[in-house]
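Trainee: Here's my sequence, what's the structure:
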Amino acid sequence: MDNQNSDQDRVKWFRNAAPYINAHRGKTFVLMFDGEAVQHANFANVIHDIALLRSLGVKLVLVHGARQQISERLSQLGIDQHIENDIRVTDADTLAVVKDATGSLRIHIEALLTMGLANSPMQGSKIRVSAGNFVIAKPMGVRDGVDYKYTGLIRRIDTKGIKKQLEYGSTVLLSPVGYSTTGEVFNLSLEDVATQTAISLGADKLIALTKGEGLLDESGGLVKSCSLRTVKKLQENNPDYIQRLLLQAIAKCAENGVERCHCVSYQSDSALLQELFTRDGAGTLIAKDHREQLMSATIDDVGGIMELIAPLEEEGTLVKRSRELLEVEIDRFCVIKKEDAIIACGAMYPYPEANTGEVACLVIHPDYRGGGRGERLIEALEDKAREQQLDSIFVLTTVSSHWFLDQGFVEQPIEKLPQGKQAMYNFQRNSKVFVKQIA
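Mentor: This is a model prediction of the structure:
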């Protein structure tokens with residue numbers, strides 16, 4: 001019986017992951033990780049997950065660092081490490097070590113990605129890895145009297161070259177070095193390469209594999225999700241330079257078109273997949289700030305909701321609601337506001353005796369349709385239902401059947417409605433019933 005339940009749980013997880021699999025297919029993700037991550041015992045599992053992402057149709061660019069390996073080699077050779085303003089000064093001797101460390105690390109990662117061991121998640125996988133001179137760099141030069149020599153800055157990313165390799169089905173691997181048009185090699189920072197690559201490609205996600213679970217607040221607690229504003233605040237108050245570089249990279253990506261950034265632990269053998277394929281995730285999600293705000297409605301929003309739903313009430317798509325009824329039921333509503341104007345709304349009416357709730361009055365202003373606002377409202381209403389420990393939500397609709405199917409609802413007979421709702425069903429409207437399990 002226990003094995004049967006375990007199998008059923010796996011099937012449920014797979015079904016719940018299906019919307020995320022479809023959403024990620026064909027998208028471009030930039031994964032960044034430092035040299036310490038590569039040396040960790042769990043990195044082999046991370047490689048397996050990377051292979052799985054590629055097999056699911058995700059276009060991947062991997063950016064690795066090598067700070068730890070460079071520092072270890074410099075110490076072994078007795079070469080002084082010259083750090084100015086938290087930036088490594090790369091002289092000729094240090095550059096030789098940089099080439100050695102990054103080259104060895106790149107080859108090691110390529111070897112891991114090539115594995116096809118029997119009885120392992122990599123069995124049968126065929127990952128073509130492309131690594132080349134995709135990063136064009138220039139010298140950092142002299143700053144505050146310090147000549148940084150072969151420490152460089154990114155001049156440009158060969159976006160066309162990378163995209164062509166991704167279209168061929170290759171996984172692109174970038175090292176923290178760049179090349180000049182005069183044939184020189186420059187030492188670059190992991191964060192700068194990942195950031196500039198994600199922005200240049202118009203990547204859908206930047207994923208940072210970090211030692212900890214994700215971003216931490218001032219009290220040391222995990223930040224499950226936050227906006228760009230929170231990232232900047234954490235950056236200002238963080239004494240760790242490497243952490244500030246990470247936060248700066250995330251902030252820059254969010255400011256320049258990368259819609260989602262994630263921080264997950266490379267020490268966990270499930271964090272990456274949990275973060276990408278489950279609702280609750282396993283790390284930190286940083287979403288680009290929305291000028292629009294989704295919030296629970298208050299009594300002050302009644303007038304705006306009435307104005308929004310009036311056209312649909314007049315055409316018969318929605319059942320008419322009086323102002324008095326809206327005032328009584330206002331705590332059932334969520335709204336999306338833009339500059340204090342209500343541009344979308346939705347309500348959730350619980351039927352606790354049947355462990356379900358009704359999604360109703362879901363309306364998007366015509367000028368703002370097609371921007372994912374309906375999906376955001378459904379998620380908020382699902383959260384309301386979960387807070388009340390309901391197992392499902394349902395909706396009655398005459399015109400939006402296909403949209404609700406896309407959101408994971410399933411058409412059901414009228415008999416699946418709670419008894420109280422069945423008694424109120426209007427057969428003249430002939431609304432279709434759709435149900436979504438959320439437990």
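
Trainee: Helices along the stretch 301-439 of the chain, start to end?
Mentor: Assigned by DSSP state H, counting those that start in this stretch, the stretch 301-439 of the chain shows helices spanning 302-314, 323-329, 373-387, 401-406, 419-423.

Trainee: The third one packs against which elements?
Mentor: Pointing back at helix 373-387 there. Contacts defined by 3 or more C-beta pairs under 8 Å, 6 or more residues apart in numbering; DSSP states H and E place helix 373-387 against strand 293-296, strand 333-338, strand 341-351, strand 356-364, strand 392-397. Glycine gets a C-beta too; all of them are placed from N, C-alpha and C.

Trainee: The same query, at a cut-off of 7 Å, please.
Mentor: strand 333-338, strand 341-351, strand 356-364, strand 392-397 (3 or more C-beta pairs under 7 Å, 6 or more residues apart in numbering; DSSP states H and E).

Trainee: low-scoring stretches of the chain, by residue?
Mentor: Regions of the chain meeting the criterion pLDDT under 70 cover residues 1-5, 116-125, 288-291, 339, 439.

Trainee: Need the residue closest to the centroid of it.
Mentor: The centroid of the chain falls nearest to residue 260 when counting by C-alpha atoms, centre = their mean (4.4 Å).

Trainee: Kindly export whatever helix or strand residue 10 lives in (C-alpha atoms) in CSV.
Mentor: Per DSSP states H and E: residue 10 is located in helix 2-24. C-alpha atoms of helix 2-24 as CSV (Å, rounded to 0.1, in the frame of the first residue of the first chain):
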residue,chain,number,x,y,z
ASP,A,2,2.9,2.4,0.8
ASN,A,3,4.5,1.7,-2.6
GLN,A,4,1.1,2.4,-4.3
ASN,A,5,0.7,5.7,-2.4
SER,A,6,4.3,6.6,-3.3
ASP,A,7,3.6,6.0,-7.0
GLN,A,8,0.4,8.0,-6.8
ASP,A,9,2.3,10.9,-5.2
ARG,A,10,4.9,10.8,-8.1
VAL,A,11,2.1,10.8,-10.7
LYS,A,12,0.5,13.8,-9.0
TRP,A,13,3.8,15.7,-8.8
PHE,A,14,4.4,15.0,-12.5
ARG,A,15,0.9,16.2,-13.4
ASN,A,16,1.4,19.4,-11.3
ALA,A,17,4.8,20.0,-13.0
ALA,A,18,3.2,19.8,-16.5
PRO,A,19,2.3,23.5,-16.8
TYR,A,20,5.8,24.5,-15.8
ILE,A,21,7.3,22.1,-18.3
ASN,A,22,5.2,23.6,-21.1
ALA,A,23,6.0,27.2,-19.9
HIS,A,24,9.8,26.6,-19.9
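
Trainee: need the next SSE after that helix, C-terminal direction.
Mentor: Next element after helix 2-24 (DSSP H and E): strand 28-33.

Trainee: related to what we said a few turns ago, and the helix holding residue 10, what's buried?
Mentor: 17, 24 (16 or more other C-beta atoms under 10 Å).

Trainee: which residues are contacting that helix?
Mentor: Residues outside helix 2-24 that contact it (C-beta atoms under 7 Å, 6 or more residues apart in numbering): 56, 58, 276-277, 408.

Trainee: do the same with stretch 133-143
Mentor: In contact with stretch 133-143 (C-beta under 7 Å, 6+ apart) are residues 148, 151-158, 161-162, 174, 178-180, 186, 188, 193.

Trainee: how about TSV for the helices and strands packed on helix 373-387, with distance to residue 431 and mean neighbour count added?
Mentor: TSV is the format used below for the helices and strands packed on helix 373-387 (distance: least, C-beta to C-beta, whole Å; neighbours: other C-beta atoms under 10 Å):
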stretch	distance to residue 431	mean neighbour count
strand 333-338	20	22
strand 341-351	15	21
strand 356-364	11	23
strand 392-397	4	22
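
Trainee: tally of neighbours for the closest residue to residue 281 other than its chain neighbours?
Mentor: Distances taken as C-beta to C-beta, 6 or more residues apart in numbering put residue 275 closest to residue 281, at 4.6 Å, once the chain neighbours are dropped. Per other C-beta atoms under 10 Å, the neighbour tally for residue 275 reads 22.

Trainee: just residue 243 next, same as before
Mentor: Other residues close to residue 243 by other C-beta under 10 Å number 16.

Trainee: what about it, helix or strand, and which?
Mentor: helix 241-255.

Trainee: Show me what that helix is packed against.
Mentor: By 3+ C-beta pairs under 7 Å, 6+ apart, helix 241-255 packs against helix 190-201, strand 205-210, helix 228-236, strand 260-265.

Trainee: Show me what counts as buried in it.
Mentor: 242-254.

Trainee: Relative to residue 202, which of the residues you listed is nearest.
Mentor: residue 253 (10.8 Å; C-beta to C-beta).

Trainee: Surely that closest one touches residue 199?
Mentor: Yes. If you go by C-beta atoms under 7 Å, residue 253 and residue 199 touch, sitting 6.3 Å apart.

Trainee: can I assume the residue nearest to residue 281 sits in a strand?
Mentor: No. Counting by DSSP: H, G, I helix; E, B strand; the rest coil, residue 275 is not part of a strand but helix.

Trainee: residue contacts, it?
Mentor: Contacts of residue 275 by C-beta under 7 Å, 6+ apart are 262, 264, 281-283.

Trainee: May I see those organised as a markdown table, with distance to residue 330 added?
Mentor: A markdown table is the format used below for the contacts of residue 275 (distance: C-beta to C-beta, whole Å):
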| residue | distance to residue 330 |
| --- | --- |
| 262 | 35 |
| 264 | 38 |
| 281 | 31 |
| 282 | 36 |
| 283 | 35 |
